[in-house]
Each structure stands twice: as structure tokens, then as C-alpha cells.
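[1] My questions concern the predicted model and sequence given below.
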Amino acid sequence: MITLPLEFVFGARVYRRAAGLAFALIPVVIIFSIWDIVGILRDHWTYSPEFTTGLKLIFGMPIEELVFFIVVPICGLLTYEAVGQVLHRIRQRSRVGETGSGA
């Protein structure tokens with residue numbers, strides 16, 4: 001996962017808060033899995049065997065879809081938290097600079 005360094009370099013703390021991560025992921029995975037399964041059952045879309053592993057979950061949902069529904073939100077959370085940490089550090093440095101320069 002390309003965003004994994006955000007956890008360590010910028011201190012995103014997403015993986016260290018497992019309960020918060022699960023709280024964010026579970027509704028996304030459930031809602032989008034149901035949506036995907038309904039789309040499959042209604043023949044609104046299909047998945048090419050050429051571009052998938054062939055491993056299927058309940059009601060024919062490819063395993064890649066489940067992985068997608070987990071990985072993309074984690075990447076989003078890591079990015080959001082890393083940007084928040086960077087902005088927090090910038091604000092702290094500007095406050096230190098303001099108080100230190102007036103003395």
C-alpha cells in the first residue's frame with residue numbers, strides 16, 4: 001500500500017487506532033458490498049475473468065471488490081490524517097515563531 005509510510009513518517013495513527021479504523025470501515029464495506037451484490041444479481045454489471053483472480057465471495061462478488069472496499073477507505077483515512085498532522089505541525093511552528101520573534 002503506497003500510503004503506508006504516511007502512518008510512520010507523518011504520524012497518521014490510523015493503524016494504531018484499530019477500533020476507529022473498524023468503525024470507519026465496517027459501514028463502507030457493508031453498504032458497498034450490498035450495492036455491488038445487488039448490481040451483480042440484477043445484471044447491471046459483470047466482472048471480466050480476464051482481469052480478476054476468479055475467486056468469488058457470496059453471490060458472485062469478486063474478492064478484488066472486497067479488497068477495493070477496504071483499501072481505498074484506508075488510503076483516504078491515512079491521507080486525511082497525514083494532512084491533518086502536517087497542518088498541525090505548521091500551525092505549531094508558526095505560533096512558536098510569533099512568540100519567539102516578539103521577545
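    Happy to help now that I have it.

[2] In this structure residue 14 contacts residue 85, no?
    No - the criterion here is C-beta atoms under 8 Å, and residue 14 misses it with residue 85 at 10.8 Å. In short, each C-beta sits where N, CA and C put it, glycine included.

[3] Tell me how many other residues surround the closest residue to residue 10 other than its chain neighbours.
    Nearest non-adjacent residue to residue 10, counting by C-beta to C-beta, 6 or more residues apart in numbering: residue 82, 4.0 Å away. Residues near residue 82, counting by other C-beta atoms under 10 Å, number 20.

[4] Am I right that residue 82 sits in a helix?
    Yes - when DSSP: H, G, I helix; E, B strand; the rest coil is applied, residue 82 is found to be in a helix.

[5] more neighbours, residue 14 and residue 85?
    residue 14 (22 against 16).

[6] Distance of the more buried one relative to residue 77?
    Residue 14 sits 5 Å away from residue 77, going by C-beta to C-beta, to the nearest Å.

[7] Quick check, residue 3 in contact with residue 78.
    Yes - with contacts counted by C-beta under 8 Å, residue 3 reaches residue 78, the gap being 4.2 Å.
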